[in-house]
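Asker: fold the stuff below for me.
(one chain, ligands or ions: 1)
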Amino acid sequence: MVASQTVADELDPDRLGHFDAIIIGAGVAGMYQLYRLRELGMRVRVLEAGSDVGGTWYWCRYPGARFDSESWSYGYSFSEELLQEWSWPEHFAAQPDTLRYLNYVADKFDFRRDIQFNSRVVAAHFDDAASRWTVTVESGEHVSAPMMITALGPLSAFTLPNIPGRDSYRGPAFHTARWPHEPVNFKGKRVGIIGTGATAIQTIQTIAKDVEHLTVFQRTPNWAAPLHNSKITDEEQKKIKASFPEIYERCRQTVACFIHNPDPRKTLDVSPQEREAFWEKLYSEPGFGIWIGNFKDMMTDEKANALATEFATKKIRQRVKDPKVADLLTPKNHGFGTRRLPLESGYYEAYNQDNVLLVDINKTPIERITPEGIKTSDQEYAFDLMIYATGFDGVTGPYDRIDIRGSGGRCLKDEWVDMPRTLLGMQTEGYPNMFMILGPHTARGNIPRNIEEVVEWQTGLIKYMREHGLTRVEPRSEAVDDWVTVVNEASAGLLSSKIGSWQTGVNRNVEGRNVPRVLGYNGGAVRYRGKIEKEAAEGYPDFRFG
Ligand code: NAP
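Answerer: Numbering: from 1, shown residues only. Predicted coordinates for the structure are as follows:
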């Protein structure tokens, strides 16, 4: 069935009101929630802004997009059949493979029949008397159900820079989160890119080989370390497929659900030689080891972090030939690992190419975007194509972009303006029957692992309600206060809490988002799991039912 037919059929007024639940988003989270609610025999409608499944992997199809986490630790774990059928081609899969995987899952479990595509949600209002959510999409059409699950993704509200003249540029210009579906030809093109976050790093290292000339406009350099990706051999594939129980058990035991976990030693417990050898080893190994598998005090102790920062600085100097460029690429305002560490494959070496230029826009600020390209304080640059790798209004941004009204018409965006208030990152008081997947204040790390955990827990709660004839749930106010305290305390000693990044909700393109906020539970996945399991085992004492 084509998407438009689905929309028309399901928005037939005769059918309105027959859904048991509405899920917003058909990415990794929305699809899994659909699977679990179907198991309960519920009639579910998923509303998705895109024209197909995949969420972040549907939208972020920019050149070079790929996992920074091991493919075989990223896929869904709920179906042994799926685990055995699907073969990841590389240890860190490229976006086309991940999207192919999510399409494969959608086909296998026939998800599309419950998904309404091209339906961006703009409003969700709770009707107290009827105890129902009415969810409105951009076209003005709406659906309603007693329960609403937000599977919005923490990184879906992309942001463009507020630079004068932005719309005057005459050539093609793309944000990386709205990349065209057709191939973009870079051959012989002069390209300008704004941003040097994880997305820009992947884009730059990939297109630098093809473009005639690339100009990178950098405001804040980020630390980055090698990904060391490789193909999965037949031998490895067999081993991986035989080891899923161990792989997932490992992910359950680690602090962020990746296969990596902090080294139990402190940085100064070992000699300088031993330290150096350890860091060299981590730097030469695939994945997040250098970030998550580092000494356990790297993220909490200034001195320890300064030593790791020194090591990472040395690495940049070794790889970038021009010392001035190396210096420019070295972050000065945050220590190593205090922002989410991008992994790269030849990023630094791209700056050794004659056709790549790094522009420090702190020294020569961008004054405006012109019909030809970019004008900085000292020069005009002409481009055939421009790329905005300017990131996202993280975590709360996707919620702010929907007019969410709870009991008595209260407005979520207003209530969360300074700091979100949630219980376990799953629900918020005054918004009955609104279930969040990876909302603010959940444990976040290896995203599908976190998603599966939250979805299974929320499904358990919904099942409990159905079994006990309960129709309404929301968290107790005092339990929300307690959780906010726990969340704040868990972030208090972390060096990253003071640093502006999407993880702390800082985005200078969004008004009022200049100050770091605590948007995740940083006490570790194991502790988080302990808390949610206890809550369920005790019959959900922190929730009020109706
Ligand atoms: P980001 O890390 O927030 O980076 C955005 C970049 O744009 C920053 O360098 C920022 O500079 C710059 N920027 C924004 N507005 C600007 C302006 N007005 N003028 C000049 N520069 C501006 O966003 P991202 O790179 O898209 O990455 C976000 C997250 O997505 C990552 O941390 C990661 O969690 C995820 N991601 C994952 C993968 C993967 O798994 N492999 C790949 C890509 C992204 P400032 O720092 O100065 O604001």
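Asker: hmm, stretch 487-507 in reach of the ligand?
Answerer: Yes - applying C-beta under 6 Å from any ligand atom, one finds that stretch 487-507 is in contact with the ligand at Trp502. The way it works is simple: take the backbone N, C-alpha and C, and place the C-beta from them, glycine included.
Asker: please name the nearest non-neighbouring residue to Thr254.
Answerer: If the residues on either side of it in the chain are set aside, Thr254 comes closest to Asn261, at 4.2 Å by C-beta to C-beta, 6 or more residues apart in numbering.
Asker: now for the one you found: which residues touch it?
Answerer: Under the criterion of C-beta atoms under 8 Å, 6 or more residues apart in numbering, the contact list for Asn261 reads Gln253, Thr254, Val255, Ile292, Gly293.
Asker: wasn't it part of a strand?
Answerer: No - residue assignment for Asn261, taken from DSSP: H, G, I helix; E, B strand; the rest coil, gives coil, which places it outside any strand.
Asker: how about a markdown table for the contacts of Asn261, with pLDDT added?
Answerer: Formatted as a markdown table, the entries for the contacts of Asn261 read as follows, by pLDDT from 0 to 100:
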| residue | pLDDT |
| --- | --- |
| Gln253 | 97 |
| Thr254 | 97 |
| Val255 | 96 |
| Ile292 | 97 |
| Gly293 | 98 |
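Asker: sorry, back to before: how far away is the residue nearest to Thr254 from the ligand?
Answerer: 19 Å (C-beta to the nearest ligand atom, to the nearest Å).
Asker: Ile532 too?
Answerer: In terms of C-beta to the nearest ligand atom, Ile532 sits 23 Å off from the ligand.
Asker: what's the first helix or strand after the strand or helix carrying that residue?
Answerer: For Ile532, the element it lies in under DSSP states H and E is helix 525-537. Past helix 525-537, heading to the C-terminal end, the next element that is a helix or strand (DSSP H and E) is strand 543-545.
Asker: partner strands of that next one, parallel or antiparallel?
Answerer: strand 473-475 (antiparallel) (DSSP bridges).
Asker: about what we covered before: please, a ChimeraX command that selects the buried ones among the contacts of Asn261?
Answerer: With 16 or more other C-beta atoms under 10 Å as the criterion, this ChimeraX line picks the buried residues out of those:
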select :254,255,292,293
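Asker: between the contacts of Asn261, which sits nearest Val184?
Answerer: Here the nearest of the contacts of Asn261 to Val184, counting by C-beta to C-beta, is Ile292; it sits at 33.3 Å.
Asker: residues in contact with the residue nearest to Ala225 when sequence neighbours are not counted?
Answerer: Nearest in space to Ala225, with sequence neighbours left out and distances taken as C-beta to C-beta, 6+ apart, is Ile290 at 4.6 Å. Remark: with contacts taken as C-beta under 8 Å, 6+ apart, Ile290 is in contact with Ala225, Trp279, Leu282, Tyr283, Leu341.
Asker: just want the residue of the protein that's nearest the ligand.
Answerer: Scanning the chain for proximity to the ligand using C-beta to the nearest ligand atom identifies Gly197 as nearest, at 2.2 Å.
Asker: wait, what's in contact with that residue?
Answerer: Counting by C-beta under 8 Å, 6+ apart, Gly197 has contacts Asn222, Pro342, Ala389, Gly391.
Asker: can you redo the residues you listed as TSV with pLDDT, distance to Lys413 and neighbour count?
Answerer: Listed next are the contacts of Gly197 as TSV, based on pLDDT from 0 to 100; distance: C-beta to C-beta, whole Å; neighbours: other C-beta atoms under 10 Å:
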residue	pLDDT	distance to Lys413	neighbour count
Asn222	98	29	21
Pro342	98	30	20
Ala389	98	26	23
Gly391	98	20	25
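Asker: within reach of the ligand, which of the residues you listed are there?
Answerer: Among the contacts of Gly197, proximity to the ligand is found for Ala389, Gly391 (C-beta under 6 Å from any ligand atom).
Asker: out of the contacts of Gly197, name the ones that lie in helices.
Answerer: With helices identified by DSSP state H, none of the entries of these belong to them.
Asker: so which of the contacts of Gly197 are in strands?
Answerer: Judged by DSSP state E, the subset of those located in strands is empty.
Asker: tell me the one of the contacts of Gly197 nearest Leu160?
Answerer: Distances from the contacts of Gly197 to Leu160 were compared by C-beta to C-beta; the smallest belongs to Gly391, at 9.9 Å.
Asker: ok, for the closest one, nearest residue in space, not its chain neighbours?
Answerer: With sequence-adjacent residues excluded and distances taken as C-beta to C-beta, 6+ apart, Gly391 is closest to Gly197, at 5.5 Å.
Asker: got it, and Gln218?
Answerer: Spatially, and ignoring its direct neighbours in sequence, Gln218 is nearest to Thr196 (4.6 Å; C-beta to C-beta, 6+ apart).
Asker: surely the one you found meets Pro221?
Answerer: Yes - with contact taken as C-beta atoms under 8 Å, Thr196 and Pro221 are classed as touching, separated by 5.9 Å.
Asker: just want to know which of the two has more residues nearby.
Answerer: Thr196 (23 against 18; other C-beta atoms under 10 Å).
Asker: any idea of the pLDDT on that one?
Answerer: Per-residue pLDDT puts Thr196 at 98.
Asker: ok, how many other residues are close to the nearest residue to Glu48 once chain neighbours are set aside?
Answerer: The shortest distance from Glu48 to any residue that is not its chain neighbour, by C-beta to C-beta, 6+ apart, is 3.8 Å, and that residue is Ala26. One way to gauge burial is a neighbour count; for Ala26, by other C-beta under 10 Å, it gives 30.
Asker: residues contacting Ala26?
Answerer: Ala26 sits next to Leu34, Val46, Glu48, Gly50, Val53, Gly54, Gly55, Ala106, Phe111, Ile115, Phe117, Ala151 when contact means C-beta under 8 Å, 6+ apart.
Asker: ok, Arg340 next?
Answerer: Ala198, Ser501, Trp502, Gln503.
Asker: got the phi and psi for it?
Answerer: Here is the backbone geometry of Arg340 (degrees, to the nearest 10): phi -60, psi 120.
Asker: now Asp20
Answerer: Note on Asp20: backbone dihedrals following degrees, to the nearest 10 are phi -90, psi -30.
Asker: and the stretch 301-450 of the chain, which residues reach the ligand?
Answerer: Applying C-beta under 6 Å from any ligand atom, one finds that the stretch 301-450 of the chain approaches the ligand through Arg340, Ile361, Ala389, Thr390, Gly391, Phe392.
Asker: would you format the residues you listed as TSV with distance to Ala490 included?
Answerer: Conversion of those to TSV gives the following (distance: C-beta to C-beta, whole Å):
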residue	distance to Ala490
Arg340	17
Ile361	35
Ala389	31
Thr390	29
Gly391	25
Phe392	23
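Asker: from the contacts of Ile290, which two are the most distant?
Answerer: Trp279 and Leu341 (13.6 Å).
Asker: and Tyr381, helix, strand or coil?
Answerer: strand.
Asker: so Val359 sits in a helix?
Answerer: No - per three-state DSSP, Val359 lies outside any helix segment and is strand.
Asker: and Asp52, how many neighbours?
Answerer: Applying other C-beta under 10 Å, we find 17 other residues in the vicinity of Asp52.
Asker: please begin residue numbering at 10 from this point
Answerer: Let's use 10 as the start, then, which means that last one is Asp61.
Asker: so where does it fall, helix or strand?
Answerer: Here Asp61 is assigned to no helix or strand, by DSSP H and E.
Asker: where does the prediction get shaky in this structure?
Answerer: Low-confidence segments of the chain, defined by pLDDT under 70, span residues 10-26.
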